[in-house]
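Engineer: pasting the structure only:
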């Protein structure tokens, strides 16, 4: 039987298995290889909060979806073309993500009586047979048996051999999509440098998986995707949390400031702590504090001492930090607060994404407490956004909230990375020392940005005290004067709003600057919205898109753009937060599209929402 | 360090231009004075000194010192001080806190600071009451304390701050009182000399809400019988005319009268570096000394171990050596790249 080679413009595949099956690693290997092949891509890791939920259960299923293609890819794909399932529970949890007529590659060893029971199918069920009758193509593979056969001479124990099952499966998928094995070979040799026998066993499993797919006649076609036509340049693959780490490190390097990260472990932000703890040689100090409050407190203490103070957390942790954020605001010290948002309230769904901390970021503190809010729009954009956050914080002596989310933090995409010389300068000038006969130092005088001087301990003649008590204009001394408090409250607000002077004007992301429907998004929904707007415009619909990176203050021309459209639609993964800010500040009769399911928007649901909005014009 | 400029400083140079606003007769005044007296003797330029405080009466302290200062959040001074000292080990960092600030809302930060052993000096003003909020009982108030929030008397067992500190692996614990300024200043200097976190508990009288809480120890008449002044290498002797001592019977301490065959040679010799004996000393803590043991003052325990910020600096230096020069270009590109033309 000859195998047909089919050219595809895009493809979406989903790896799913038990938490212990190594699906995240398998997915990220496929991602790196695909990026190196020149395709554009977007990924969605989908893993349980529990480290090891009971093996074989639906709760313990870990998934990884990648959407890639020879054209620009903005979202991880609504539904997949190929679903790889390592056991019955993985099938049960993921069949809903498979396109009609899609392909299922199933490890049949994961469909025994026990697995069927654990997945709550019942011992006599035949779920693979059943989905086979629903128009899906099921390709059963006894991965366990084949991997053991492949590695019988490896000298490894059966337990260790079984750990290579994921590489066998990856080999199959590599064959199916014409991928090169070399990047994964290199990865395995590096990862298991101290255990070469394990590296070689995994490589053998990978190669034998590919050979199996080639030799057996289970597949009738395989797929080829040309490299995407993307902007020329040097690329690498990157996740949002990695880009955040690199952005902070670059800001340290360009500003000449040491970085001090005070953090407390929390999903999905911990990888920022992990990443920065490996950047000591860039003058980055990390401190795992005893709690969220100590984490931000230590960062503020370091900022007083002249470091770039940073704290990283997620919504529940940010809630604990609010009093300290307010203190940094009245201190007027630079501080970057990273919130990798997750589904809430409370513990909510820690590994699932949401955009529900926007109002917390803008308003969520006691007193009038204005901070700057910046939100990255994609994994790679975390770099530029956090770099900008560091710059704003130091130039305006103000806390900046960085609103990432679980989806872009863990999701990956190709990044056209800059060279160090391309990065903006971050000029920092500490206040200069004084002699005794100089005029007394006034820590709350201001420059053209309304920023006060950064006067660090160790500087002669600048001894001063800062505190949470209201301070007198210029001298910084304690003041309970009513008019002074009114003045200082407005001063802090004006300073925050003044940041808009240096922000770029907002550009149309898609479409014209006037028209019927304007879609306004912010943060991690960028890719899905862009894809949906793009497709709607291909269909001839009058839809335009802007995407906000700056939420407080807003860009100066936002009001003008909002006024140029008959209708404004605001899709958010929350109950309507940006829309409240827009209505409040611009009196715009905007309409929301809100889904809070812990997952990114699908392109199809957005397109339906856009059509509906246009129909009701 | 420029000693010549330092030696010119007097205690007045450490006084800020702000009006001190504690109640007349507050014990805080004496402590402020003794800290200002001790400062010139440290040999540290005043621009290298930072006072960090939480919230409470005592925590207004930094405003009155002509050094750098941070008035922070209730209970959180150790968090701010930790970040400051780790990033700026060249600074002399002091934490001013009270019993509510450090042992109630800030209890967590206190114990973690002590176990980490960051080289800061904690002056804990213990007055067994909440002053700034006007008279509620605190975590060091004695059981049965009748206060604004406990009209029928408090029910909860108070903390024994120095026992708690030892439990948290503190490397330096000491006790002093506002009414013995000379001793207070000596112990402040000792605290500063310790490399690592030092905790100095200071009995401080709140004249408005808990007046006389420590009279038993601070009153000049009763003090000789109730207070035990510790000196390294010296026997534990107390009492007017030094009539009594503490002897160890195996692991149990006992109060003995000197004379009649009992001499100073039979007594417990204070060893600041003995962890086990330090534990016993912190347990001399009965209300009103009802178990007969006097309350110890001075340095109960000191242990030399690396200060946390030194260890952090060592790792930073190691990482720099191991990784060579920080290469931003390499960081930006990572290990796997491709070119699109």
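Structural biologist: Happy to help now that I have it. Keep in mind that what you see is a predicted model, and the values were worked out from it rather than measured.
Engineer: Which parts of the stretch 251-400 of chain A are strands?
Structural biologist: Counting by DSSP state E, counting those that start in this stretch, the stretch 251-400 of chain A has strands at residues A:259-263, A:284-288, A:308-313, A:335-341, A:372-374, A:399-405.
Engineer: For residue A:220, find the nearest of those strands.
Structural biologist: In terms of Cβ to Cβ, the element of these nearest to residue A:220 is strand A:399-405, at 40.2 Å. From N, CA and C alone the C-beta is placed, and that goes for glycine too.
Engineer: nearest spatial neighbour of residue 177, skipping sequence neighbours?
Structural biologist: Since no chain was named, I'll use chain A. Once flanking residues are discounted, residue A:177 sits nearest to residue A:223: 5.3 Å by Cβ to Cβ, 6 or more residues apart in numbering or on different chains.
Engineer: please go with chain B instead
Structural biologist: Closest residue in space to residue B:177, ignoring its immediate chain neighbours: residue B:203 at 4.1 Å, by Cβ to Cβ, 6+ apart.
Engineer: Equivalent analysis for residue A:436, please.
Structural biologist: Leaving out its chain neighbours, the residue that sits closest to residue A:436 by Cβ to Cβ, 6+ apart is residue A:461, at 7.0 Å.
Engineer: In three-state terms, how would the one you found be classified?
Structural biologist: Judged by DSSP: H, G, I helix; E, B strand; the rest coil, the three-state class of residue A:461 is coil.
Engineer: what sits against the residue nearest to residue B:177?
Structural biologist: The contact partners of residue B:203, by Cβ atoms under 8 Å, 6 or more residues apart in numbering or on different chains, come to B:27, B:126-127, B:175-179, B:213-214, B:217-218.
Engineer: and if you look at residue B:119?
Structural biologist: Going by Cβ under 8 Å, 6+ apart, residue B:119 touches B:85, B:89, B:93, B:194-197, B:307-310.
Engineer: Spell out which parts of the stretch 201-341 of chain B neighbour chain A.
Structural biologist: When proximity is defined as Cβ under 8 Å from any Cβ of the partner chain, the stretch 201-341 of chain B approaches chain A at B:312, B:315-316, B:319-320, B:322-326, B:328-329, B:331-334, B:336-341.
Engineer: Of those residues, which belong to helices?
Structural biologist: Counting by DSSP state H, those place B:312, B:315-316, B:319-320, B:322-323, B:328-329, B:331-333 in helices.
Engineer: Who wins on neighbours among the residues you listed?
Structural biologist: Most neighbours among those, by other Cβ atoms under 10 Å in any protein chain shown: residue B:332, with 23 neighbours.
Engineer: Not counting residues beside it along the chain, what's closest to it?
Structural biologist: Using Cβ to Cβ, 6+ apart and skipping the chain neighbours, the partner closest in space to residue B:332 is residue A:417 (4.8 Å).
Engineer: how far away is residue B:129 from chain A?
Structural biologist: For residue B:129, the distance to chain A equals 22 Å [Cβ to the nearest Cβ, to the nearest Å].
Engineer: For that residue, which non-adjacent residue is closest in space?
Structural biologist: Leaving out its chain neighbours, the residue that sits closest to residue B:129 by Cβ to Cβ, 6+ apart is residue B:210, at 3.8 Å.
Engineer: list the contacts for that neighbour?
Structural biologist: Residues near residue B:210 by Cβ under 8 Å, 6+ apart: B:127-129, B:135, B:141.
Engineer: cutoff 6 Å now
Structural biologist: By Cβ atoms under 6 Å, 6 or more residues apart in numbering or on different chains, residue B:210 lies in contact with B:127-129.
Engineer: Equivalent analysis for residue B:258, please.
Structural biologist: Going by Cβ under 6 Å, 6+ apart, residue B:258 touches B:243, B:245.
Engineer: Please, which helix or strand holds the residue of the stretch 51-200 of chain A found nearest chain B?
Structural biologist: Of all residues in the stretch 51-200 of chain A, residue A:183 sits closest to chain B, at 6.8 Å by Cβ to the nearest Cβ. Taking DSSP states H and E as the criterion, residue A:183 maps to helix A:182-191.
Engineer: in the next helix or strand after that helix, what counts as buried?
Structural biologist: Next helix or strand after helix A:182-191 toward the C-terminus (DSSP H and E): helix A:196-215. Neighbour counts over helix A:196-215 (16 or more other Cβ atoms under 10 Å in any protein chain shown) mark A:198-210, A:212-213 as buried.
Engineer: Look up how far residue A:286 lies from the residue of the stretch 201-341 of chain B found nearest chain A.
Structural biologist: The stretch 201-341 of chain B approaches chain A most closely through residue B:319 (3.5 Å), counting by Cβ to the nearest Cβ. Look at residue B:319 and residue A:286: by Cβ to Cβ, to the nearest Å, they are 11 Å apart.
Engineer: interface residues of the stretch 101-250 of chain A facing chain B?
Structural biologist: Taking Cβ under 6 Å from any Cβ of the partner chain as the test, the list of the stretch 101-250 of chain A residues beside chain B reads A:230, A:232, A:234-236, A:246.
Engineer: now with 7 Å?
Structural biologist: Applying Cβ under 7 Å from any Cβ of the partner chain, we find that the stretch 101-250 of chain A lies next to chain B at A:183, A:230-236, A:246, A:249-250.
Engineer: ok, residue 111 - contacts?
Structural biologist: Defaulting to chain A. By Cβ atoms under 7 Å, 6 or more residues apart in numbering or on different chains, the contact set of residue A:111 is A:87-88, A:128.
Engineer: sorry, should have said chain B
Structural biologist: residue B:168.
Engineer: wait, residue A:306 sits on residue A:429?
Structural biologist: No - using Cβ atoms under 7 Å, residue A:306 is not in contact with residue A:429; the gap is 11.4 Å.
Engineer: which of the two has more neighbours?
Structural biologist: residue A:306 (22 against 9).
Engineer: So for the more buried one, what's the nearest residue that isn't a sequence neighbour?
Structural biologist: Residue nearest to residue A:306 in three dimensions, not counting chain neighbours: residue A:456, with 3.9 Å by Cβ to Cβ, 6+ apart.
Engineer: on that earlier part again, okay, the strands of the stretch 251-400 of chain A in JSON lines with mean pLDDT and mean neighbour count next?
Structural biologist: Compiled in JSON lines, the strands of the stretch 251-400 of chain A are given as follows (pLDDT from 0 to 100; neighbours: other Cβ atoms under 10 Å in any protein chain shown):
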{"stretch": "strand A:259-263", "mean pLDDT": "98", "mean neighbour count": "30"}
{"stretch": "strand A:284-288", "mean pLDDT": "98", "mean neighbour count": "23"}
{"stretch": "strand A:308-313", "mean pLDDT": "98", "mean neighbour count": "32"}
{"stretch": "strand A:335-341", "mean pLDDT": "98", "mean neighbour count": "29"}
{"stretch": "strand A:372-374", "mean pLDDT": "98", "mean neighbour count": "27"}
{"stretch": "strand A:399-405", "mean pLDDT": "98", "mean neighbour count": "29"}
